[in-house]
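> pasted the sequence and its predicted model underneath.
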Amino acid sequence: MRELVVTQNITVDGVIEAGDWFAPVDGGDEVLSVLRDQMAQAVGFLTGRTTFEEMRGFWPAQHDDTTGVTEYLNTVQKYVVSQTLQEPGWEPTTILRGVDDVRELKSTEGTQIVCTGSIALVHALIAANLVDEYRLFVYPTVVGGGRRLFPDGTPLALRLTACTSFGSGVAQMIYRCTD
């Protein structure tokens, strides 16, 4: 059975989507090294349609990227959850029609599937109890408003399995679901 890992950049006040906010400080080489390690572990990348289309419009056109992110995203098996998308236009991509398809995908043999961004999808995955692990890159900022990773009324039992701080002020916290 595959594990589903949610990886998010998050502010100290729990926001993962606030206008143009993504990462208010550069995480530096240390964070990039951790991201590379995590990319090597995941053979599947799960996203919602909106995030997929934004990424599809950006990453394939990057040619001078030395981080490895472009190569990873262009070659990893992508899974996009969408009721409307017909032709992904960024291979290799499989279209899933909903959370039940994600549940079925998780039941197959293989390694980790990582979901990044895609707040509406992440909220649906949390509600369906499909997330096994949260990898949160906590940025040292408070934005004061925006969409949060865990909506109100979402109680979860989590166990901290790792915590790493970086010179940039970013900290990575890894939590496993205990339910």
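Looks like it came in fine.

> for this protein, which helix is longest?
Identified as the longest helix of the chain according to DSSP state H is helix 28-41.

> I figured Asn74 was touching Trp59, is that so?
Yes - counting by Cβ atoms under 8 Å, Asn74 touches Trp59, with 6.5 Å between them. The way it works is simple: take the backbone N, C-alpha and C, and place the C-beta from them, glycine included.

> in the protein, which spans are helices?
Under DSSP H, the chain gives helices at 28-41, 49-56, 69-75, 99-106, 119-127.

> could I get those helices as a markdown table with mean neighbour count and distance to Glu87?
Output for those, formatted as a markdown table (neighbours: other Cβ atoms under 10 Å; distance: least, Cβ to Cβ, whole Å):
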| stretch | mean neighbour count | distance to Glu87 |
| --- | --- | --- |
| helix 28-41 | 15 | 26 |
| helix 49-56 | 18 | 11 |
| helix 69-75 | 16 | 17 |
| helix 99-106 | 16 | 17 |
| helix 119-127 | 19 | 20 |
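
> and of those helices, who's closest to Gly169?
Proximity to Gly169 (Cβ to Cβ) singles out helix 28-41 among the helices of the chain, at 9.5 Å.

> packing partners of that closest one?
When contacts are defined as 3 or more Cβ pairs under 8 Å, 6 or more residues apart in numbering; DSSP states H and E, helix 28-41 sits against helix 69-75.

> point out where the chain drops to low pLDDT.
Applying pLDDT under 70 to the chain flags residues 19-27, 179.

> same thing but at 50, please
24 (pLDDT under 50).

> what ranges does it have for its strands?
Taking DSSP state E as the test, the strands found in the chain are 4-11, 15-17, 42-48, 77-81, 93-96, 112-116, 133-139, 147-148, 158-165, 171-177.

> could you dump those into JSON lines with mean neighbour count and distance to Val34 added?
Formatted as JSON lines, those follow (neighbours: other Cβ under 10 Å; distance: least, Cβ to Cβ, whole Å):
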{"stretch": "strand 4-11", "mean neighbour count": "21", "distance to Val34": "10"}
{"stretch": "strand 15-17", "mean neighbour count": "21", "distance to Val34": "18"}
{"stretch": "strand 42-48", "mean neighbour count": "22", "distance to Val34": "13"}
{"stretch": "strand 77-81", "mean neighbour count": "21", "distance to Val34": "21"}
{"stretch": "strand 93-96", "mean neighbour count": "17", "distance to Val34": "26"}
{"stretch": "strand 112-116", "mean neighbour count": "21", "distance to Val34": "13"}
{"stretch": "strand 133-139", "mean neighbour count": "20", "distance to Val34": "8"}
{"stretch": "strand 147-148", "mean neighbour count": "16", "distance to Val34": "23"}
{"stretch": "strand 158-165", "mean neighbour count": "12", "distance to Val34": "7"}
{"stretch": "strand 171-177", "mean neighbour count": "17", "distance to Val34": "6"}
